[in-house]
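> here are the coordinates; sequence isn't available:
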Ligand SMILES: Cc1cc2nc3c(=O)[nH]c(=O)nc-3n(C[C@H](O)[C@H](O)[C@H](O)COP(=O)(O)OP(=O)(O)OC[C@H]3O[C@@H](n4cnc5c(N)ncnc54)[C@H](O)[C@@H]3O)c2cc1C
């Protein structure tokens, strides 16, 4: 190792103590990855991983990175699915997992002040006994951190009714790329001036490091009901989704799973999903007891009208939990069907779900790849799971082509590139499918004003070749795309 490297490690250890810095190759190995499929995103090793426990330490690390002219990549639990936490250009990974304290729960104000490394589910578990929960509930909620949720603007099954992370963040303490510490937003509601909290949520760790989050808590509902409707196929199930929403009912969650998913889940968890169903719809209704009962009846009628062969109602918690276990563990159950899967994430207008699912089936046939479907259907958010075995020659390439095809199809249907997993490195090349060069230049302006040296989580989000303030490359790419010579 060079003297500069040794000097950097020594300075980091002065800030964090010897246990707060990883720098040996074996220790760094795990930080080369996040939850993404290798091949869909590149892996990359940082020079060092810093594990701070205070905001002051985070600020000192960032100032040190500036001094050494090194990039900085924030990292939570590393469950991200778009390569966001991978240190694409090396430098220092700042892992926030040791900043994991819930600093304050205020039931009267319905807020909690937390450090970024708090695990999503642990926040809800800490607040539920006091009458509240933290509504954003990614399926990874047993592992992912609030800091990661903020950076990715994460969603989850219950975000249909309650909104995604941005709807639950009131304020943020942030270490900026030059090492200054600022607060955005706060308890007082809509403060005048630019909405910096809004800009930071979903910014994928490119504008600053979140060191505290003031989040909104949601009151526990008086009553909850879960219904499991079985359909002959995914199209009739997705038609039911549109009808339910069109009837003015907003379920707390509305999740769809296809037959292939049921084949994986049911033998593993015995959730009670009919094995012969083409698809099941899991609808959760919550709120005032009478409303929940009435809406539950309406949902059952709408499901039957659109072809449901059975509707099962679960009002008791153990039965509800079992139905949910099947959904929440669906990805884990895929191991029964395949050694590897690529979890795709796109979103289309709800009414386009039947067309999008038809296209998924066509792509599965065209590429000879089984694709299971798990959907946050109420939001039009598709998660096709492309099943494969990476040991087979050419399998990864086939999966990437199929995935590219799916992305294009959803965009053509009026959809977006990602429903909730972010862009990271996984989809940066595809950004020009939906944004013009001027759109991207406007976004680049925001990045540039926070991070003029472009050293915070570089090579993410914006298409390759982009540098701060430089939009020529983007224009060239947009032109190439128009001419049909754009390659992902
Ligand atoms: C099985 C599985 C299921 C999933 N289900 C869902 C789902 O239902 N909904 C959903 O939205 N996502 C889902 N995800 C994706 C992922 O869990 C979320 O994006 C999650 O919010 C990432 O949190 P993390 O702590 O793991 O962040 P990481 O993966 O460590 O980082 C993600 C991004 O956030 C940035 N970041 C992390 N912490 C900070 C911080 N303190 N300050 C600034 N930037 C930071 C990183 O730089 C990176 O860009 C799933 C993932 C898996 C593996």
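It's in. Small disclaimer: the values here were computed from a predicted structure and weren't measured. Numbering: from 1, shown residues only.

> residues touching whichever residue of the stretch 151-300 of the chain sits closest to the ligand, list them.
The stretch 151-300 of the chain approaches the ligand most closely through residue 205 (2.6 Å), counting by Cβ to the nearest ligand atom. For the C-beta atoms, the positions are set from N, CA and C on the backbone; glycine is no exception. Shown in contact with residue 205 (Cβ atoms under 8 Å, 6 or more residues apart in numbering): 73, 74, 75, 84, 85, 151, 456, 457, 460.

> closest point of the stretch 101-250 of the chain to the ligand, which residue?
Scanning the stretch 101-250 of the chain for the residue nearest the ligand gives residue 148, at 2.1 Å (criterion: Cβ to the nearest ligand atom).

> element containing that residue, please.
Residue 148 is part of helix 146-152 when elements are defined by DSSP states H and E.

> just how off-centre is that helix within its chain?
Distance, stretch centre to chain centre, for helix 146-152: 8 Å (Cα atoms, centre = their mean, to the nearest Å).

> repeat for stretch 384-399
Averaged C-alpha coordinates place stretch 384-399 at 22 Å from its chain's average position (Cα atoms, centre = their mean).

> touching the ligand at all, that stretch?
No. Contact between stretch 384-399 and the ligand, assessed by Cβ under 6 Å from any ligand atom, is absent, since the two come no nearer than 10.4 Å.

> Now do the buried residues in that stretch.
Applying a neighbour-count criterion of 16 or more other Cβ atoms under 10 Å, one finds 384, 385, 386, 387, 388, 395, 396, 398, 399 buried in stretch 384-399.

> Can you get me a residue count around residue 126?
Other residues lying near residue 126 total 17 when counted by other Cβ atoms under 10 Å.

> which residues touch it?
Shown here is residue 126, whose contacts under the criterion Cβ under 8 Å, 6+ apart are 102, 105, 112.

> switch to 6 Å and redo it
Residue 126 makes contact with residue 102 under the criterion Cβ atoms under 6 Å, 6 or more residues apart in numbering.

> same question, the one 3 residues further on
For residue 129, the contact set (Cβ under 6 Å, 6+ apart) is empty.

> how about it, secondary structure?
Assigned with DSSP: H, G, I helix; E, B strand; the rest coil, residue 129 falls in the helix class.

> Contact partners for the spatially most central residue of the chain?
Note on the chain: the residue nearest the mean C-alpha position is residue 421, at 3.3 Å, using Cα atoms, centre = their mean. Taking Cβ under 6 Å, 6+ apart as the definition of contact, the neighbours of residue 421 are 81, 82, 345.

> Among the residues you listed, name the ones in helices.
The helices, defined by DSSP state H, take in nothing from the contacts of residue 421.

> out of those, which touch the ligand?
residue 81.

> Just send the contacts of residue 421 back as JSON lines, with neighbour count and pLDDT too.
Supplementary listing: the contacts of residue 421 in JSON lines, determined by neighbours: other Cβ atoms under 10 Å; pLDDT from 0 to 100:
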{"residue": "81", "neighbour count": "24", "pLDDT": "95"}
{"residue": "82", "neighbour count": "27", "pLDDT": "96"}
{"residue": "345", "neighbour count": "23", "pLDDT": "94"}
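
> With distance to residue 313 as added columns, please give the contacts of residue 421 in CSV.
Converted to CSV, the contacts of residue 421 look like this (distance: Cβ to Cβ, whole Å):
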residue, distance to residue 313
81, 33
82, 37
345, 31
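
> out of the contacts of residue 421, which one sits closest to residue 65?
residue 82 (23.0 Å; Cβ to Cβ).

> Backbone dihedrals for that closest one, please?
When read as degrees, to the nearest 10, the backbone of residue 82 gives phi -130, psi 20.

> That one touches residue 424, doesn't it?
Yes. With contacts defined as Cβ atoms under 6 Å, residue 82 counts as touching residue 424 at a distance of 3.1 Å.

> Residue 221 reaches residue 286, doesn't it?
Yes. In terms of Cβ under 6 Å, residue 221 counts as a neighbour of residue 286; the distance is 3.6 Å.

> So between the two, which is more surrounded?
residue 286 (21 against 18).

> Would you agree that one falls within a strand?
Yes. The secondary structure assignment for residue 286 places it in a strand, going by three-state DSSP.

> give me the beta-bridge partners of it?
Note on residue 286: beta-bridge partners by DSSP bridges are residue 224.

> who's in contact with it?
Taking Cβ under 6 Å, 6+ apart as the criterion, residue 286 is in contact with 221, 224, 252.

> Let me know the closest of the residues you listed to residue 317.
For residue 317, the closest of the contacts of residue 286 turns out to be residue 224, at 8.0 Å, with distances computed as Cβ to Cβ.

> that older thread, which other helices and strands contact the helix holding residue 148?
Helix 146-152 makes packing contacts with strand 209-216 when contacts are defined by 3 or more Cβ pairs under 6 Å, 6 or more residues apart in numbering; DSSP states H and E.

> can you tell if the strand it packs on touches the ligand?
Yes. Using Cβ under 6 Å from any ligand atom, strand 209-216 comes into contact with the ligand via 209, 210.

> May I see the buried residues of that strand?
Burial within strand 209-216, assessed by neighbour count using 16+ other Cβ under 10 Å, is assigned to 209, 210, 211, 212, 213, 214, 215, 216.

> Stretch 21-41 too?
Counting neighbours by 16+ other Cβ under 10 Å, one finds that the buried residues in stretch 21-41 are 21, 22, 23, 28, 31, 34, 35, 36, 37, 40, 41.

> of those residues, closest to the ligand?
For the buried residues of stretch 21-41, the closest approach to the ligand (Cβ to the nearest ligand atom) belongs to residue 35, at 3.7 Å.

> check contacts around the closest one.
Residues in contact with residue 35 (Cβ under 6 Å, 6+ apart) are 79, 80, 81.

> let's go with 8 Å and repeat that
78, 79, 80, 81, 140.

> How about the stretch 351-488 of the chain: which residue is closest to the ligand?
The shortest separation between the stretch 351-488 of the chain and the ligand is 3.3 Å, found at residue 420 (distances taken as Cβ to the nearest ligand atom).

> Looks like the residue of the stretch 101-250 of the chain closest to the ligand contacts residue 77 (just checking).
Yes. Checked against Cβ atoms under 8 Å, the pair residue 148 and residue 77 is within contact range at 6.2 Å.

> Low-confidence regions, the chain specifically.
Applying pLDDT under 70 to the chain flags the ranges 1, 465-488.

> This completes my enquiry, with thanks.
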